[in-house]
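[1] Quick one, what's the 3D model for this:
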Amino acid sequence: MAILDIVTFPDPVLSQEAEEVKDINSELEKLIRDMADTMYQAPGVGLAANQVGIPRKVAVADVSESDEEKNTIVIVNPRIVSMSEETDSMEEGCLSVPDFQAEVERALRITVVGKDLKGEEVELEAKGFLARVLQHEIDHLYGNLFIDRIGKLKRDRYVRQRRKALQKADK
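    Predicted structure coming up:
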């Protein structure tokens, strides 16, 4: 297992739609294991493949409590096929958007379809925090960050601060 480097904003891979996974093979299985290890080490509750620089439609998540056994959810080529009209606003952060959190409104319940590691179709109904995490990770796979879902003023302020921080780091 390897801990992968997490790509951070404004890397262009984060704003492009990831490619569909055509076949599930040992290379993809290794990527998924490495992504899970990276997510746990970070620590985070979800990770999309493009967050580690690989634009493929694969995401991992685990919303279990720290004292519970790990429960890694893996979904390949995920798509949200339904979402509740009922929403909730909650503060979100992201491993690829360092040093920033903001309130994001998301559906309380969703249904996601995709494939599992055996290549079989799966349907996952999620609510609450898991629904939020899956929406966040699936957004990544379509080139969207949580900062794309907040007000323009807050987003622009973050972008300016991030650019300044990166300029200082380059000196």
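
[2] Name the SS class of the most centrally placed residue in the chain, please.
    Centrality entry for the chain: nearest residue to the mean C-alpha point is Glu137, 2.6 Å, by CA atoms, centre = their mean. The three-state label given to Glu137 by DSSP: H, G, I helix; E, B strand; the rest coil is helix.

[3] Thought Leu47 was touching it, still the case?
    Yes: assessed by CB atoms under 8 Å, Glu137 is found in contact with Leu47 at 7.1 Å. From N, CA and C alone the C-beta is placed, and that goes for glycine too.

[4] which residues are common contacts for the two?
    Ala59, Val60, Ala61 (CB atoms under 8 Å, 6 or more residues apart in numbering).

[5] Closest to Gln41 out of these?
    In terms of CB to CB, no member of these lies closer to Gln41 than Val60, at 12.5 Å.

[6] where do the strands sit along this protein?
    Assigned by DSSP state E, the chain shows strands spanning 46-48, 58-61, 73-83, 87-94, 97-107, 109-115, 121-127.

[7] For Ala169, which of these is the nearest?
    Short answer: strand 97-107, nearest of those by CB to CB, at 11.3 Å.

[8] That closest one pairs with which strands, and in what direction?
    Paired neighbours of strand 97-107 in the sheet (DSSP bridges): strand 87-94 (antiparallel).

[9] tilt between the partner strand and strand 109-115?
    In terms of direction (axes from the mean of the first three to the mean of the last three CA atoms, to 10 degrees), strand 87-94 departs from strand 109-115 by 50 degrees.

[10] okay, now the closest residue to Thr38 other than its chain neighbours: neighbour count?
    Leaving aside its chain neighbours, Thr38 sits nearest to Leu4 (4.6 Å; criterion: CB to CB, 6 or more residues apart in numbering). Residues lying near Leu4 (other CB atoms under 10 Å) number 19.

[11] show me what contacts Leu4?
    Asp34, Met35, Thr38, Val52, Gly53.

[12] Selection in ChimeraX covering whichever of those residues are buried, please.
    ChimeraX command restricting the contacts of Leu4 to the buried ones, with burial defined by 16 or more other CB atoms under 10 Å:
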select :34,35,38,52
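
[13] Show me which of the contacts of Leu4 is closest to Ile80.
    Of these, the one sitting nearest to Ile80 (CB to CB) turns out to be Met35, at 20.0 Å.
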